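Participant: Output the structure for:
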Amino acid sequence: MKLDTKAMRHLAAEDWRVLTAVEIGSKNHEIVPTPLIESIAKLRGGGNRVRKSISALAKTGLVAKVREARYDGYRLTYGGLDYLALHAHASRGAVYSVGDRIGVGKESDVVVVADDKGRRRVLKIHRLGRVSFRSVRANRDYLRRRQGGSWMYLSRLAAEREFAFMRALRDEGFPVPEPLSQSRHTVLMELVDAFPLRQISAVPDPAALYAELVAMILRLARHGLIHGDFNEFNILIKEEKKKRTGEDGEEGGKPALEKGKEVVEEEAAEEEELTITPVLIDFPQMVSMDHQNAEMYFDRDVNCVKRFFERRFHFVSTQPGPFFKDAKKTVGRDGARRLDAAVEASGFSKKALKDLEAAIREQHEARGGQAGSGEEYGEESQDEDEDDDDDGTDDSEDDNGGYGEEKRNPETDKPEVSIEALSISGKT
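Facilitator: Sure, this is the predicted structure:
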């Protein structure tokens with residue numbers, strides 16, 4: 001579904017209280033009874049005011065009335081959860097305006113936003129489909145006890161887990177976007193001016209880039225982690241221009257005083273060296289090196305890189321591996337912090353992680369049975385909020401899991417997005 005924020009400016013404080021009440025009730029009810037919504041919201045106007053607010057929320061698709069339900073009630077839609085998350089970010093000044101969607105997938109949407117100072121950011125909205133949750137709920141006692149809200153629970157869990165991994169990886173110096181904040185099923189992070197590796201047709205040195213990516217896989221392993229979806233869709237390539245430095249330490253290899261003014265402009269272009277830096281994204285599916293299927297995930301990550309480089313750049317490494325058994329021996333070596341243990345210690349229960357892993361695995365199977373199915377970024381289907389249908393399904397769009405294609409200014413070669421102010425008051 002697309003993120004449409006036009007109705008946010010028309011919501012009153014009472015509407016936000018009612019929407020929050022539906023969210024609270026969804027923790028134990030798939031369809032939240034109207035009397036329960038009235039009890040939680042506690043509006044001054046009583047039941048009539050709550051029903052009026054519910055009607056307004058239903059017209060904008062933030063809550064939905066399920067046909068043929070056994071009792072009068074409403075359920076929270078993904079649109080409603082989106083608004084609650086945006087409202088939380090906006091009340092902190094982290095999100096002031098919303099721009100274009102630059103990535104779309106079965107598991108998430110990626111949107112450009114800006115804060116109250118105009119600094120552009122990326123908002124990743126996790127959208128795990130309900131088809132996965134039905135299977136998980138049927139096999140997990142935890143979700144059988146939770147009569148509703150499983151899609152919200154797992155989408156929120158995916159966002160919390162991704163934010164925790166991004167923060168841990170960033171602290172260890174890994175090339176990942178800076179995580180800024182997290183609310184419900186959303187993660188706010190810095191906007192990296194880069195392109196997905198799958199969009200890159202040529203690189204200056206394929207062997208060097210391949211070696212850098214393999215080194216990143218091995219470095220993750222030393223910290224006890226396997227990415228689990230390490231492919232051309234989740235690797236961004238950032239281009240940076242740096243000035244060459246000569247042996248004498250002067251830029252360009254010549255003392256500045258020896259340069260004539262007439263050759264400065266010509267030398268400027270020659271002195272700039274183009275460097276590329278890989279940036280890793282998409283982390284909810286990361287697993288520990290101690291996972292029961294760790295070798296399979298590790299080998300899959302390695303093979304994804306090998307296949308892509310052979311297909312795209314016609315590069316085949318002459319060195320075998322790397323192999324899981326060798327990487328396993330390096331876990332924790334040289335004082336490397338076990339990030340798998342650190343994230344697990346931050347509050348994620350093993351049972352909850354199994355629920356999330358099962359949902360993500362079924363999403364991968366639904367898109368072709370493998371990670372990184374190769375569907376194009378930005379090719380959006382004609383989507384409606386299928387989550388509002390009474391069958392409870394969520395028709396997903398083309399896969400990406402990360403950033404998609406942006407509109408770029410041809411003169412500056414910078415991303416160009418349209419931004420719409422949310423007009424949210426932190427007092428509501």
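
Participant: pretty sure Ser53 is touching Leu43, no?
Facilitator: Yes - shown here, Ser53 and Leu43 form a contact pair, counting by Cβ atoms under 8 Å, at 7.3 Å. Heads up, the C-betas are built off the backbone N, CA and C, glycines and all.

Participant: Of those two, give the one with the bigger neighbour count.
Facilitator: Using other Cβ atoms under 10 Å as the criterion, Ser53 and Leu43 rank with Ser53 on top: 24 against 19.

Participant: which outside residues touch the helix or strand that contains that one?
Facilitator: Using DSSP states H and E, Ser53 falls within helix 46-59. When contacts are defined by Cβ atoms under 8 Å, 6 or more residues apart in numbering, helix 46-59 is touched by residues 11-12, 14-15, 17-19, 22, 34, 37-38, 41, 43, 45, 63-65, 74, 80.

Participant: how about stretch 165-182: buried residues?
Facilitator: Within stretch 165-182, the residues that count as buried by 16 or more other Cβ atoms under 10 Å are 165-170, 172, 174-177, 179-182.

Participant: Quick one: residues contacting the residue lying closest to Lys350 once chain neighbours are set aside.
Facilitator: Using Cβ to Cβ, 6 or more residues apart in numbering and skipping residues adjacent in sequence, the residue nearest Lys350 is Glu344, 7.7 Å away. Glu344 makes contacts with Ser288, Lys350, Leu353, as judged by Cβ under 8 Å, 6+ apart.

Participant: and the last one, what are its phi and psi?
Facilitator: Note on Leu353: backbone dihedrals following degrees, to the nearest 10 are phi -70, psi -30.

Participant: dump the residue contacts of it.
Facilitator: With contacts defined as Cβ under 8 Å, 6+ apart, Leu353 is in contact with Arg161, Glu344.

Participant: per-residue pLDDT, it?
Facilitator: On the pLDDT scale, Leu353 is placed at 73.

Participant: gap between it and Ile281?
Facilitator: 20 Å (Cβ to Cβ, to the nearest Å).

Participant: Phe323 too?
Facilitator: 26 Å.

Participant: Show the contacting residues for the residue nearest to Arg184 when sequence neighbours are not counted.
Facilitator: Excluding the flanking residues, the one nearest Arg184 by Cβ to Cβ, 6+ apart is Ala85, at 4.2 Å. The neighbourhood of Ala85, defined by Cβ under 8 Å, 6+ apart, consists of Ile125, Ser183, Arg184, His185, Thr186.

Participant: Please identify the longest helix in this protein, counting by residues.
Facilitator: helix 150-171 (DSSP state H).

Participant: which stretches of the protein aren't confidently modelled?
Facilitator: In the predicted model of the chain, residues 1, 129-149, 243-272, 346-349, 364-428 satisfy pLDDT under 70.

Participant: nearest spatial neighbour of the residue positioned nearest the centre of the chain, skipping sequence neighbours?
Facilitator: The residue lying closest to the centre of the chain (Cα atoms, centre = their mean) is Lys124, at 4.2 Å. Using Cβ to Cβ, 6+ apart and skipping the chain neighbours, the partner closest in space to Lys124 is Val187 (4.6 Å).

Participant: Next up, phi/psi of the one you found, please.
Facilitator: phi -130, psi 130.

Participant: Tell me the spacing between it and Gln199.
Facilitator: Using Cβ to Cβ, Val187 is found at 23 Å from Gln199.

Participant: quick one, which of those two is more surrounded?
Facilitator: Val187 (28 against 16).

Participant: ok, that one touching Ala158?
Facilitator: No - if you go by Cβ under 8 Å, Val187 and Ala158 don't touch, sitting 9.0 Å apart.

Participant: Now for these two: what residues contact both?
Facilitator: In contact with both Val187 and Ala158: His126, using Cβ under 8 Å, 6+ apart.

Participant: shared neighbours of Ser53 and Leu43, anything?
Facilitator: Listed as contacting both Ser53 and Leu43 by Cβ under 8 Å, 6+ apart are Glu14, Arg17, Val18.

Participant: quick one: which of these sit in strands?
Facilitator: Counting by DSSP state E, these place none of their members in strands.

Participant: Mark which of the residues you listed are buried, thanks.
Facilitator: Counted by 16+ other Cβ under 10 Å, the shared contacts of Ser53 and Leu43 give Glu14, Arg17, Val18 as buried.

Participant: ok, of those, which one's closest to Asp4?
Facilitator: Val18 (19.3 Å; Cβ to Cβ).

Participant: Is it correct that that closest one is in contact with Leu43?
Facilitator: Yes - counting by Cβ under 8 Å, Val18 does reach Leu43; the two are 7.2 Å apart.

Participant: For the stretch 201-350 of the chain, which segments are assigned as strands?
Facilitator: With DSSP state E, counting those that start in this stretch applied, the stretch 201-350 of the chain shows strands at 225-226, 235-243, 272-280, 287-288, listed in chain order.

Participant: Most tightly packed of the ones you listed?
Facilitator: strand 225-226 (a mean of 26; mean count of other Cβ atoms under 10 Å).

Participant: What angle do strand 272-280 and the longest helix of the chain make with each other?
Facilitator: Per axes from the mean of the first three to the mean of the last three Cα atoms, to 10 degrees, the angle that helix 150-171 makes with strand 272-280 is 140 degrees.

Participant: Going along the chain, name the helices of the stretch 51-200 of the chain.
Facilitator: Using DSSP state H, counting those that start in this stretch, the helices of the stretch 51-200 of the chain run over residues 78-91, 130-139, 141-145, 150-171.

Participant: how about a markdown table for those, with distance to Thr5 added?
Facilitator: A markdown table is the format used below for the helices of the stretch 51-200 of the chain (distance: least, Cβ to Cβ, whole Å):
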| stretch | distance to Thr5 |
| --- | --- |
| helix 78-91 | 7 |
| helix 130-139 | 23 |
| helix 141-145 | 31 |
| helix 150-171 | 19 |
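
Participant: Tell me which of those helices lies nearest to Cys304.
Facilitator: Comparing the helices of the stretch 51-200 of the chain under Cβ to Cβ, the one sitting nearest is helix 150-171, at 18.8 Å.

Participant: what helices or strands is the closest one leaning on?
Facilitator: With contacts taken as 3 or more Cβ pairs under 8 Å, 6 or more residues apart in numbering; DSSP states H and E, helix 150-171 sits against helix 78-91, strand 120-126, helix 130-139, strand 179-183, strand 186-190, helix 339-344, helix 350-366.
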